[in-house]
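Visitor: the amino acid sequence is not available; the structure is as follows:
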């Protein structure tokens, strides 16, 4: 596996990084194991919270250089890069704020016998994080922040194209005073990662990535009885049933679909529109998407930047070509200039085609018509994924019905881009299992230890 920073907007190879040696990897696992057994267990929640607050504060202090690295590494629009840094900083501070309550002893009322019983939240041990390229700071924050807060040590494997941002996060942890071994970036190969998962000193794995990568990691982790959290892909439905402001609904879809240049796991990817609104909605969406130009991501007014790599752009191009070959119609966009992909709208992809069920990871919105609420739910659930979903309706009772009926880990009603540090993030079906962020994410890798005293 080659670790290198290649600016997708210019094609320039900025830097190359060597993979970790086997001996250095073994030493990293050893120091992580020692750190969590010593400092991780001996430190107080307040001590760990102070360090995580400092990590968050350093993200804020260094936001300009961190944002610039995001733009260079994966073509993220500058305004989106700043938003990611700010969100990451808030995640660290949030977990520091809630830690005392979330990790406090939980007394159990005994139904018989003398004495007492409590549930104590103890560190699980060394946790491996296999992180993606699309949100290099935010994804690490929501994985590493709560784990170090718990007292678990973290081994971070960044995406092959994101070694520089991983290096910057390592420096932040070091400069914040996090003890040696508690957070370590490892530029490991896939074969070495298999070795890490099998190592008895490692107790858990968190992966954000494709369902193919998730299946491979889950299989290896299961073989070695390791706890796993998986956040995989999604073909999130955007269900439109009624509205008093169709222009605003369209604007919401455009802003959410083009977030991070369309490279977001939980972005709305399939608009499912009630028949009486379908034609007008599609026409307005085509105009709105067509009015956005993929442009220089270093400019503050950029709404859609470059795709993260030539490989990503080629993959999306192949999917668009297959969609039109299957019978889909391009209502806007569909063109490409190098790694810059025009915001695109495609309608009418047949449900019998393979491409109908694939996730398009880029600035492409798919639109389908539904004759009624029941068919809209059917189309929404006709996917192997189940990450996020969006429902627009003026009827509160309908909103409740549809939210309950959609098979997804998250449902947002009449809103987009409404994620928060306090809200759990995760999915079902092919989108993985486990949760990050919020109170649920704060204790995924915790040993809930019973202590019964006579």
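Guide: Received, thanks. On a predicted model such as this, the values are computed, not experimentally measured, just so you know.

Visitor: now the strands for the stretch 151-300 of the chain?
Guide: Remark: strands assigned in the stretch 151-300 of the chain by DSSP state E, counting those that start in this stretch are 153-157, 183-185, 202-208, 227-231, 237-240, 270-274.

Visitor: pairing partners for the third one, with directions?
Guide: To tie it back to what came earlier, the one meant is strand 202-208. Take DSSP bridges as the rule and strand 202-208 pairs in its sheet with strand 126-130 (parallel), strand 227-231 (parallel).

Visitor: pick the most deeply packed of these.
Guide: Highest mean neighbour count of the strands paired with strand 202-208: strand 126-130, a mean of 27 (counted as mean count of other C-beta atoms under 10 Å). Every C-beta, even on glycine, is put in place using the N, C-alpha and C of the backbone.

Visitor: give me the residues contacting it.
Guide: For strand 126-130, contacts defined as C-beta atoms under 8 Å, 6 or more residues apart in numbering pick out 29, 32-33, 36, 140, 143-144, 147, 152-157, 193, 196-197, 201-209, 213, 217, 445.

Visitor: turn the strands paired with strand 202-208 into CSV, columns for distance to residue 93.
Guide: Putting those into CSV (distance: least, C-beta to C-beta, whole Å) gives the following:
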stretch, distance to residue 93
strand 126-130, 20
strand 227-231, 22
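
Visitor: out of those strands, which gets nearest to residue 53?
Guide: Of all these, strand 126-130 sits nearest to residue 53, with 20.5 Å by C-beta to C-beta.

Visitor: angle of that closest one against strand 153-157?
Guide: Put simply, strand 126-130 runs at 20 degrees to strand 153-157, going by axes from the mean of the first three to the mean of the last three C-alpha atoms, to 10 degrees.

Visitor: after strand 126-130 comes which helix or strand?
Guide: Next in sequence after strand 126-130, counting helices and strands by DSSP states H and E, comes helix 138-150.

Visitor: tilt between that next one and strand 126-130?
Guide: With the same axes, to 10 degrees as the basis, helix 138-150 and strand 126-130 are set at 170 degrees to each other.

Visitor: present the strands paired with strand 202-208 as JSON lines; the columns should include distance to residue 343 and mean pLDDT.
Guide: Below are those laid out as JSON lines (distance: least, C-beta to C-beta, whole Å; pLDDT from 0 to 100):
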{"stretch": "strand 126-130", "distance to residue 343": "30", "mean pLDDT": "98"}
{"stretch": "strand 227-231", "distance to residue 343": "25", "mean pLDDT": "97"}
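
Visitor: so which of these is nearest residue 435?
Guide: strand 227-231 (7.5 Å).

Visitor: run through who's touching that closest one.
Guide: 124, 203-208, 214, 217-218, 221-222, 265, 387, 425-427, 431-436, 444-445.

Visitor: for that strand, the distance to its chain's centre please.
Guide: In terms of C-alpha atoms, centre = their mean, to the nearest Å, the centre of strand 227-231 is set 12 Å apart from its chain centre.

Visitor: same question, stretch 143-157
Guide: Chain-centre distance of stretch 143-157: 16 Å, with C-alpha atoms, centre = their mean.

Visitor: and the end-to-end length of it?
Guide: 12 Å (C-alpha to C-alpha, to the nearest Å).

Visitor: please apply the same query to stretch 428-438.
Guide: Counting by C-alpha to C-alpha, you get 17 Å between the two ends of stretch 428-438.

Visitor: burial measure for residue 166, as a count.
Guide: The local packing of residue 166 (other C-beta atoms under 10 Å) involves 23 other residues.

Visitor: list phi and psi for the closest residue in space to it that isn't next to it in sequence.
Guide: Excluding the flanking residues, the one nearest residue 166 by C-beta to C-beta, 6 or more residues apart in numbering is residue 158, at 3.6 Å. Backbone dihedrals for residue 158, given as degrees, to the nearest 10, come out at phi -80, psi 170.

Visitor: doesn't residue 170 make contact with residue 158?
Guide: No - using C-beta atoms under 8 Å, residue 158 makes no contact with residue 170, being 9.7 Å away.
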